[in-house]
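[1] A predicted structure for the sequence below; I have some questions about it.
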Amino acid sequence: MERGVGGRIEAAFEAAKERGEAAFVSFITAGYPTAKDTPALLLAMQEGGASIIELGIPYTDPQADGATIQKTNQVAIAGGTSEISTCLDMVKKSREMGLTVPVVLMGYYNPFFQYGAEMLCAETKEAGADGFIVVDLPPEEGVELNKACIKHGLSNIPLVAPTSSDKRIAALAEMASTFMYCVSVTGVTGARDSLPPDLDDFVKRVRSKTDLPLAVGFGISTPEMVNGVANMADGVVVGSSILNAVDKVGEHASTEEKADAVRKIVSHLATGLKQGDAKNQATKLGQVPKEWATENSKARFGQFGGQYIPETLSVAFEEIEEAYDAIKDDPDFLAELDRYRRDFVGGPTPLHKAERLTELAGGATIWLKREDLAHTGAHKINNAIGQALLAKRIGKPRIIAETGAGQHGVATATVCAMLGLECIVYMGAVDCERQKLNVFRMNTLGAKVVPVQTGQRTLKDAINEAMRDWVTNVRDTHYLIGSAVGPHPFPTIVRDFQSVMGKEIKEQFKEKNNGKLPDAVVACVGGGSNAIGAFHPFVDDKEVALYGAEAAGKGIDVDEQHCATLTVGTPGVLQGARTYIIQEKSGQTLNTHSISAGLDYPGVGPEHAYLKDSGRATYVGVTDDEALEGFKMMCEYEGIIPALETSHAIYYAVKLAKELGPGKDIVINMSGRGDKDMPQVAKLMGVDV
C-alpha cells in the first residue's frame, strides 16, 4: 500500500487494519488538569488502546469547541500551559517515558502563527510529534505551514465537514498526506447521545474522493457509537468523553488516579473498534500532498484580513461572498438600501458646525456628523439593514448577532422585526449588566438575548459564542456581524454598508464649504465599523487626515487595562482575520478594559490595521477619564448627550482642533447617542438614578 512519507501515523492505521479494527484517536488538552499530569495521561491513552493521540494546544478563544473543551483550555492556561514550547516539552517527556504512538498537535492558528511555521515544524519534529490539525486554517490560508510540514516530514491534516461541497472535499483530499478528519456534525465539540443519521452518507461522499484513511470525530461517547463509526470509517476520534472521565475523579485526585481513569475510559470505548464491514476502509495509507491552495487575494488588505475559519463554514462563506458580489452593484438593491436610509433610518443625517465646542477649543472649526440621530440611536442600523436584506436573498430566516454596547443588537432586533426574521443576540454578561436598557429594548423588539458567561464576558466572548452558534446552525442561519471585523468578506461588507456616512460627510461638507473637503475626519475605533465607514470615502483624498480614537482605558502601559489595539497591539489572527491584537507573545488573547462596552475588544478590523501600517490613518489612545471629559464637553457646550464610544473621538477632536489652529476643519463622526450610557455615567459620578 502507498505510504506517502512513511511515518508513525501511516503505521498506526496499518496496524489497526491488520487487527480488523478502526484506529482509536484520543484527544486531551495539554496541561489539563495540570501540566505535570499530561505525560502520564498520554501514556495511559496508549495503554488503553489509543492508536493516535491528538494533543490540544490551549487557546483563549476556541470557537469550534463546546463547553467541555473550552473549560479545559481555560484551566490549562490558568495553570501555566499557554505556550507551544511547554506542550512540545510534554511530548518529548512522554517519548522518554515510552510513548510510541503518533501525536498530532491540534489547535487554533494564532499560537502557531506567533511561533513561526519553520521553527514550529522543526521543533515539533524534534520533540517527537507527527503533525497538526488546525481548526481555523483552511487550505487558502495554510500555504506557509503546509510547505514547512512537507519539508520536515510532518502531516498537516485537513478537516472536512458535512457542509463541505464535493468539489471542496476533492481539493482537500489532494492536500492530505496521511488521513482526513471528518467532522461528524455541523456543530461544536462535545459528547452526544447518538450518531447523526446522515453520517454514513457523508463518509461515503468523502470516501468517493480519496483512498486515504478517514477518521470521524465530534460527539462520540459510547462503545456503541465507536462501533457505528468503526464500520463506516478507518478511525474514531474521542475527546470530550475522555476529559469528562478525568473530571469525574476530582481535582484532588493524584496523577496516577487520573491516568487510571483515562486508561479505563479509552479501554472501554476501544471495545467498539472491531470492524464487521470494511466497505469504507482506506486502500492507501499516505501520499505526498499537493501544495495547498493559493490565498484569495480579494480577502486581503495588504497583509491583513483573510478567512481563518472552521471548515464547517466554508460553503456559507462562499455563498455570502457570491451573493454579495452579485448584489453590491445592483441598481435595484442600491435603490432599496437608499430608500431604507431615507424612510426608515432618517438619513441623510445632518452635518452641522459645533459653534460652542469650536469656541471652547479655540482652533480649528469642529463639525458633527449626526449618526446619533439615526433610527435606534447609532450608525449600526446601516449595516444591519444591508446584511438582513442579503440574508433574505440567500434564504437564511434565522439571524444571529453579537453586541457589546447593545447598539448593534438593538439595530439587528429592529431590522429583524421589520423584515420578519428570527433574531438571537449574544452579549457578554458584563455588558448585559452595564447596558440593561439595551437588553430590555432588544427583548421588547422580539429578539432573544443570550448572556455569555465564558471568558471575560464582554464583546470578544459574545463573538466566540455567536460563531459557535453559526457553526452549529449554518444551514438556516446568517451571522449578522456588527463591526468591520472577522473573516472575509465581512470587513468589506460592513465597510460598504457603513460608507454611506463618509459619502454623506463628503457631499454635505462640500455643499457647506464651496466644494472644499475637511482637513480631518475623527472617529472612535473598537472593531471599527463607524470609523471605516467615515474614513473609506476619503482614503484617496490625501489632503484629508484620518484619525481613529481607541480606548486607552486606565492607561496603555498596564496590561489588561485598555483596548488600544492599534496603539500597542501586535499582528496575529483573531476570530477569522489577521489583524492587530492585544495578546501575549504566545498568541493568547489578553483581557481588555474600557469604560465603553462598544470599544472593549482586543482586536480591530483588518482594514484599520492596513491603514495604520500604510500610514494613511493615525490611531491614538484616549483614556476613560479623557472620554468622560469629552462626554461632558459635548453635553455642556452642544446640548448633545453622546455615547461613551463617541466621547473618545470628541476628546481627541477638541485636542486636535487646538493643534491645527484656526482656518482648518475637523469632522467628528457622532456614531451614537448616550441614552444607553446614562445609568453607567451616573454611577461613575456617584449619582443614584
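    Thanks, I have the structure now.

[2] Any idea how far apart the tips of stretch 580-595 sit?
    The straight-line separation of the ends of stretch 580-595 (CA to CA, to the nearest Å) is 21 Å.

[3] residues of it that come out buried?
    By 16 or more other CB atoms under 10 Å, the buried positions in stretch 580-595 come out as 580-584, 586-595. No exception for glycine: its C-beta is placed from N, CA and C like everyone else's.

[4] Check the contact between L599 and E550; I expect there is one.
    Yes - counting by CB atoms under 8 Å, L599 touches E550, with 7.1 Å between them.

[5] can you list the weak-confidence ranges in the stretch 501-650 of the chain?
    Confidence mapping of the stretch 501-650 of the chain against pLDDT under 70 gives zero matching residues.

[6] so where do the helices sit in it?
    In the stretch 501-650 of the chain, the segments counted as helices under DSSP state H, counting those that start in this stretch are 529-535, 565-568, 606-614, 624-638, 644-660.

[7] and among the ones you listed, the most buried is which?
    helix 529-535 (a mean of 32; mean count of other CB atoms under 10 Å).

[8] pLDDT weak spots in this protein?
    Checking the chain against pLDDT under 70 turns up 1-6, 187-192, 278-280, 292-293, 295-296.

[9] related to what we said a few turns ago, which one of the helices of the stretch 501-650 of the chain lies closest to D247?
    Nearest to D247, of all the helices of the stretch 501-650 of the chain, is helix 565-568, at 35.3 Å by CB to CB.

[10] follow-up on the earlier one: how about a markdown table for the helices of the stretch 501-650 of the chain, with distance to E18 added?
    Output for these, formatted as a markdown table (distance: least, CB to CB, whole Å):
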| stretch | distance to E18 |
| --- | --- |
| helix 529-535 | 57 |
| helix 565-568 | 53 |
| helix 606-614 | 49 |
| helix 624-638 | 65 |
| helix 644-660 | 63 |
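
[11] Check the buried residues of stretch 580-595 and tell me the two furthest apart.
    Largest separation among the buried residues of stretch 580-595 by CB to CB: S586 and I595, giving 28.5 Å.

[12] Out of the buried residues of stretch 580-595, the closest to L42 would be?
    S586 (21.4 Å).

[13] Against Y637, how distant is the closest one?
    To Y637, S586 is 46 Å away according to CB to CB, to the nearest Å.

[14] contacting residues around D247?
    For D247, the contact set (CB atoms under 8 Å, 6 or more residues apart in numbering) comprises P33.

[15] Name the helix or strand for it, please.
    helix 240-248 (DSSP states H and E).

[16] quick check, nearest of the buried residues of stretch 580-595 to G362?
    Using CB to CB, the buried residues of stretch 580-595 come closest to G362 at I595, 26.9 Å.

[17] Could you verify my assumption that Y479 touches A401?
    Yes - Y479 lies in contact with A401 (CB under 8 Å); the separation is 7.4 Å.

[18] Could you pull out the residues contacting both of these two?
    With CB under 8 Å, 6+ apart as the test, Y479 and A401 both reach A466.

[19] Who has more neighbours out of the two?
    A401 (30 against 26; other CB atoms under 10 Å).

[20] Measure how far whichever strand or helix holds V91 is from the centre of its chain, please.
    V91 belongs to helix 84-96 when assigned by DSSP H and E. Helix 84-96 sits 28 Å away from the centroid of its parent chain (CA atoms, centre = their mean, to the nearest Å).

[21] Show me what counts as buried in that helix.
    Buried positions in helix 84-96, judged by neighbour count with 16+ other CB under 10 Å: 84, 86-95.

[22] Can you name the next helix or strand after it?
    Immediately after helix 84-96, counting by DSSP H and E, sits strand 103-107.

[23] so which helix or strand takes in the nearest residue in space to A401 that is not next to it in sequence?
    Excluding the flanking residues, the one nearest A401 by CB to CB, 6 or more residues apart in numbering is T412, at 4.2 Å. Per DSSP H and E: T412 is located in helix 407-419.

[24] if I read this right, the residue nearest to A401 contacts V425, doesn't it?
    Yes - in this structure, T412 is within contact of V425 by CB under 8 Å, at 6.4 Å.

[25] Relative to V25, how far out is K392?
    Taking CB to CB as the measure, K392 and V25 are separated by 41 Å.

[26] So between these two, which is more surrounded?
    More crowded of K392 and V25, by other CB under 10 Å: V25, with 27 against 15.

[27] Wait, a helix at the more buried one?
    No - under the criterion used here (DSSP: H, G, I helix; E, B strand; the rest coil), V25 is strand, not part of a helix.

[28] That one pairs with what?
    With DSSP bridges as the criterion, V25 is bridged to I52, V237.

[29] surely it meets V237?
    Yes - using CB under 8 Å, V25 makes contact with V237 at a distance of 4.3 Å.

[30] Spit out the residues that contact those two alike.
    54, 215, 217.

[31] Out of those, the closest to F132 would be?
    For these, the residue nearest F132 by CB to CB is E54; the value is 10.0 Å.

[32] for the closest one, what are its contacts?
    Applying CB under 8 Å, 6+ apart to E54 gives the contacts 25-28, 103-106, 133, 237, 239.

[33] at 6 Å what do you get?
    For E54, the contact set (CB atoms under 6 Å, 6 or more residues apart in numbering) comprises 27, 104, 106.

[34] for P62, same thing?
    With contact taken as CB under 6 Å, 6+ apart, P62 is in contact with 70, 73.

[35] how about a cut-off of 8 Å?
    With CB under 8 Å, 6+ apart as the criterion, the residues that contact P62 are 69-70, 73, 108, 135, 464.

[36] Now it. Its backbone dihedrals?
    Per-residue torsions, P62: phi -80, psi 90 (degrees, to the nearest 10).

[37] 52 is where my numbering starts, stick with that
    With 52 as the first residue, the last one maps to P113.

[38] related to what we said a few turns ago, out of the helices of the stretch 552-701 of the chain, which is closest to F355?
    Minimum separation from F355 across the helices of the stretch 552-701 of the chain (CB to CB) falls at helix 657-665, 3.8 Å.

[39] which residues are contacting the closest one?
    352-357, 535-536, 542, 546, 576, 579, 582-583, 586-587, 590, 597, 599, 617, 622, 628-631, 668-670.

[40] Let's see that with 6 Å instead.
    352-353, 355-356, 542, 579, 583, 617, 628, 630-631, 668, 670.

[41] before we move on, what about stretch 496-516?
    By CB under 6 Å, 6+ apart, stretch 496-516 touches 112, 114, 453, 455, 464-465, 468, 474-483, 490, 493, 626, 642, 651-653.

[42] and with 7 Å instead?
    The contact list for stretch 496-516 (CB atoms under 7 Å, 6 or more residues apart in numbering) reads 112, 114, 121, 453-455, 460, 464-465, 467-468, 474-483, 490, 493-494, 626, 640, 642, 648, 651-653.

[43] now swap in stretch 364-372 and tell me
    By CB under 7 Å, 6+ apart, stretch 364-372 touches 189, 214-216, 219, 358, 360, 445, 521-522, 525, 538, 540.
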